[in-house]
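here's a sequence, model it:
(chains A and B)
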Protein chains: 2
Amino acid sequence: MRPVLLLLGCDLFGGNISKAISPALGIEVFHNFTLLHDDIMDNAPLRRLKPTVHNKWNISIAILSGDAMLIEAYKLMMKVENHQLRQVMDIFNDTAILVCEGQQLDMNYETKKQVTIHDYLEMISMKTAVLLGASLQIGALISGADFKDTQHLYNFGKYLGIAFQLQDDILDVYGDKNKFGKQVGGDIISNKKTYLLLKALELEKDNNTNSLVELFNDKNIPPEEKVEAVTSIFNLLKVRDFAQEEIQSFYDKAMKEIAEINLPEDRKSVLVSFSKTLMVREI
Amino acid sequence: MRPVLLLLGCDLFGGNISKAISPALGIEVFHNFTLLHDDIMDNAPLRRLKPTVHNKWNISIAILSGDAMLIEAYKLMMKVENHQLRQVMDIFNDTAILVCEGQQLDMNYETKKQVTIHDYLEMISMKTAVLLGASLQIGALISGADFKDTQHLYNFGKYLGIAFQLQDDILDVYGDKNKFGKQVGGDIISNKKTYLLLKALELEKDNNTNSLVELFNDKNIPPEEKVEAVTSIFNLLKVRDFAQEEIQSFYDKAMKEIAEINLPEDRKSVLVSFSKTLMVREI
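Numbering: from 1, shown residues only, chains lettered A, B, ... in the order given. Model (predicted):
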């Protein structure tokens, strides 16, 4: 998705997308560097149905391969015209640091007792959404677009990315198991602090109830039963509706940003319809 | 040492060293990123007498901190004038990849049966020496020096770096234990394939003897006895002299490179005397 967004960002302003190919590859190599190192941290045995690097080889090879990929990503990202080099690299650097910080926050939140919805939104923005924004913005810069316009495009991508991630949280619980690629309820089983869980905990706190806390403290409850019980509480508290409202609010923000871009409406229609597709996705 | 070399490279050509401060910091942050990740791979408990990051915190934090440091190194390295940006970054990228590849080779050689002296020299060139060369070259580029001259300075630093590393191998065995900072004989105890060991193995092979192989296969020999026995074989085969010749040859190569630089001799005298000090060091 990220390299395609970079090319789309370039094409949006009528840029020559052949000039955006190397940076598009750079974004993809960067993203895969983060996956490679994240998989070590998460002790993940599989990625895309194949053994992860640290699983197939060893941790040292996985660390070094990731390091080399990050450097290769820089080399690819630098393949832009001289007058665009600093602007492109500044965005790439700032985004890369945010992605690392987002990953660290994600790990911290696994054990942190009090995670607010604000914390969570900030974390998913850093870990996932800013790279989507940066992909679009870098593509736009390569096309020679006005910097203000590229900033609106960055924000559009970031807000859409947050909406996308929140939808992931919903699909994990409410997705059709025949369509959704992952195990339905996987987040509940692994005690992941998703938007739904954090919102439900917040509402239970307001109601002075603690059935969720009890459920998550019960180490002996069978996974399927836990998914069912937690989902019932989610339903009772209508957290799906809250999440849907939050998604709508980020979608609206994204649309406001794209409206600010100084281009005829028909040029923006690809991105607008792309956003609409994302909002009704089932997988 | 690396940031100082970068400043020296700039000063050599009469550059304004205040413009070289950020890239000098960048080189140091990069070097420390490699140490941080290497320490995970080597499972090292201490660095500079303090707990390593993965030891004090955990492996995930150490991986991520290193990643963030690599990105910060790029940010610092980019703080050069626009017309120098691409040249500086190209050298930094190419060097960074070599350092990673050198580390991978170093790990491979731990278990590889047949490591030649040529392999070893290539590995230490990549893992250690090229970063010294790049530090000098980047400093020189910032001063506005002619590119050809900066390449000679790079080679000077690289050859001197190889000589420096070979001297480390000698000091590890023949160093004065009251002056040398590490345990004398540490490389022998840990079966490290140094220049001395590889040369000795080569000579024993030519002589159809295999006392060294037997010593290294003996798992029950006490460390001190092993150091003594291996050192005796090193003495018998005069591998120290071979190493000294190799060092001299790389030192001469370094001197040839500096002679090619188009500057008055007195300007180069700082680097020449610095090189001489390195050659007679005892620690």
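
for chain B, what are the nearby residues on the stretch 51-200 of chain A?
A:59-61, A:63-64, A:66-68, A:70-72, A:74-75, A:78, A:82, A:85-86, A:89-90, A:93, A:96-97, A:100-101, A:103-104, A:107 (Cβ under 8 Å from any Cβ of the partner chain). Every C-beta, even on glycine, is put in place using the N, C-alpha and C of the backbone.

in PyMOL, select just the buried ones from those.
To isolate in PyMOL the members of those that are buried, counting by 16 or more other Cβ atoms under 10 Å in any protein chain shown, one can use:
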select buried, chain A and resi 59+60+61+63+64+66+67+68+70+71+72+74+75+78+85+89+93+96+97+100+101+103+104+107
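
against residue A:15, how distant is residue A:188?
Here residue A:188 is placed at a distance of 44 Å from residue A:15 (Cβ to Cβ, to the nearest Å).

once you drop chain neighbours, what's closest to the closest residue to chain B within the stretch 101-250 of chain A?
In the stretch 101-250 of chain A, the residue that lies nearest chain B is residue A:104 (5.4 Å; Cβ to the nearest Cβ). Nearest non-adjacent residue to residue A:104, counting by Cβ to Cβ, 6 or more residues apart in numbering or on different chains: residue B:64, 5.4 Å away.

same question for residue A:153.
Using Cβ to Cβ, 6+ apart, the closest residue to residue A:153 is residue A:136 (4.7 Å).

please identify which helix or strand holds the one you found.
helix A:130-142 (DSSP states H and E).

name the residue in residue A:188 and residue A:15 with the higher neighbour count.
residue A:188 (23 against 19; other Cβ atoms under 10 Å in any protein chain shown).

give me the element the more buried one is part of.
helix A:186-189.

circling back to that earlier point, the residues of the stretch 51-200 of chain A next to chain B in helices, which ones?
A:59-61, A:63-64, A:66-68, A:70-72, A:74-75, A:82, A:85-86, A:89-90, A:93, A:96-97, A:100-101, A:103-104, A:107 (DSSP state H).

show me the shaky parts of chain A.
Low-confidence segments of chain A (pLDDT under 70): A:180-182, A:283.

residue boundaries of the strands in it?
A:46-47, A:50-51 (DSSP state E).

comparing those strands, which comes out most buried?
strand A:46-47 (a mean of 13; mean count of other Cβ atoms under 10 Å in any protein chain shown).

just checking: what are the partner strands of that strand?
Strand A:46-47 has its sheet partners listed here by DSSP bridges as strand A:50-51 (antiparallel).

list of residues touching the partner strand?
Contacts to strand A:50-51, defined as Cβ atoms under 8 Å, 6 or more residues apart in numbering or on different chains, come from residues residue A:45.

and stretch A:192-208, by the same measure?
Stretch A:192-208 is contacted by residues A:109-110, A:115-117, A:120-121, A:166, A:169-170, A:172-173, A:186-188, A:210-213, A:230, A:233-234, A:237, A:239-240, A:242-243, A:246 when judged by Cβ under 8 Å, 6+ apart.

separate out the buried members of those.
A:109, A:115, A:120-121, A:166, A:169-170, A:172-173, A:187-188, A:212, A:230, A:233-234, A:237, A:239-240, A:242-243, A:246.

surely residue A:258 and residue A:268 touch.
Yes - contact criterion Cβ atoms under 8 Å: residue A:258 and residue A:268 qualify, at 5.6 Å.

the more surrounded of the two?
A side-by-side neighbour count of residue A:258 and residue A:268, using other Cβ under 10 Å, places residue A:258 first with 21 against 17.

residue contacts, that one?
By Cβ under 8 Å, 6+ apart, the neighbours of residue A:258 are A:152-153, A:156, A:268, A:271-272, A:275.

how about the residues you listed in CSV, adding distance to residue A:34?
Shown next, in CSV, are the contacts of residue A:258 (distance: Cβ to Cβ, whole Å):
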residue, distance to residue A:34
A:152, 26
A:153, 22
A:156, 22
A:268, 29
A:271, 24
A:272, 28
A:275, 24
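
which one of these is nearest residue B:10?
Nearest to residue B:10 among the contacts of residue A:258 is residue A:153, at 38.9 Å by Cβ to Cβ.

contacts only, for that closest one.
A:9, A:12, A:133, A:136-137, A:140, A:145, A:257-258, A:261.

are any of these buried, and which?
For the contacts of residue A:153, buried by 16+ other Cβ under 10 Å: A:9, A:12, A:133, A:136-137, A:140, A:145, A:257-258, A:261.

which of the residues you listed sits closest to residue B:250?
residue A:137 (47.3 Å).

highest neighbour count among the contacts of residue A:258?
Top of those by neighbour count (other Cβ under 10 Å): residue A:153, with 32 neighbours.

what are the boundaries of the helices in chain A?
So, for chain A - with DSSP H - the helices run A:2-12, A:21-41, A:53-56, A:59-77, A:82-111, A:117-124, A:130-142, A:147-174, A:186-189, A:195-207, A:211-217, A:223-237, A:239-260, A:265-279.
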